[in-house]
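Undergrad: just the structure for this:
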Amino acid sequence: MSTNDLDVIDIEILKLLQRDATLTNKEISFKLHKSIATIHERIKRLKEQGYIQRVVAILDRKKIKRSLIAFSHVLLNDHTADTLNKFEQEVAKFPEVMECFQMTGTFDFILRIATSDMEAYHNFYRNKLATLPNITTVQSFFVLSETKSETAYPL
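TA: Sure thing, here's the model as predicted:
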């Protein structure tokens, strides 16, 4: 499924919802000059087709004491499907891990980790990440500043 399957109205609905998911069907219908029922049915279809996976609130990480962000590159010593799957399953259980990507290149995975401070990261690393089997190397990079952080995809 691609955006080629969507018409202009569907794309505009997705753009609006990416910027503000609290918009009501009535507000969207007003902006797009369509009926509320039409907007309701289109949003329902976009959800059913998987274009809209979920609707969330984006929190200010500093206000919830998750101000330290680390990108940790992980290299495993074994690359069987079972080892890769087990690593993904285990790392997904850690609340500090915000994202986990399997990568090409030198490292197998990149993790985005959010903790309150360096001590919390150190505890996470020692007591959780480093306890997982088959890890050869973990190389972490810490965010100094954030210039851009987008959640909306260009359509």
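Undergrad: residue closest to the middle of this protein?
TA: Glu99 (5.7 Å; CA atoms, centre = their mean).
Undergrad: surely that residue touches Phe109?
TA: No - at 10.1 Å, Glu99 does not count as touching Phe109 under the criterion of CB atoms under 8 Å. All C-beta atoms are positioned from the backbone trio N, CA, C, and that covers glycine.
Undergrad: pLDDT below threshold where in the chain?
TA: For the chain, applying pLDDT under 70 flags the ranges 1-3.
Undergrad: tell me how it divides into domains.
TA: For the chain, automatic domain parsing gives the domain ranges 3-48, 68-142.
Undergrad: so for Arg61, which of those domains sits nearest?
TA: Closest approach to Arg61 among the domains of the chain (CB to CB): domain 68-142, 6.1 Å.
Undergrad: now find how far off-centre that closest one is within its chain.
TA: Centre-to-centre, domain 68-142 and its host chain are 15 Å apart (CA atoms, centre = their mean, to the nearest Å).
Undergrad: ok, now stretch 18-33?
TA: Its chain's C-alpha centre and that of stretch 18-33 lie 23 Å apart, by CA atoms, centre = their mean.
Undergrad: just the CA trace of it, in CSV.
TA: What follows is stretch 18-33 as a C-alpha-only set of coordinates in CSV (Å, rounded to 0.1, in the frame of the first residue of the first chain):
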residue,chain,number,x,y,z
GLN,A,18,-0.1,14.4,11.8
ARG,A,19,0.1,18.1,12.9
ASP,A,20,-2.7,17.8,15.4
ALA,A,21,-4.4,14.5,16.1
THR,A,22,-6.9,16.2,18.5
LEU,A,23,-8.8,17.8,15.6
THR,A,24,-12.4,16.6,15.5
ASN,A,25,-14.1,15.3,12.4
LYS,A,26,-16.1,18.5,12.4
GLU,A,27,-12.9,20.7,12.4
ILE,A,28,-11.4,18.6,9.6
SER,A,29,-14.6,18.7,7.6
PHE,A,30,-14.6,22.5,7.9
LYS,A,31,-11.0,22.8,6.8
LEU,A,32,-11.5,20.5,3.8
HIS,A,33,-15.0,21.6,2.9
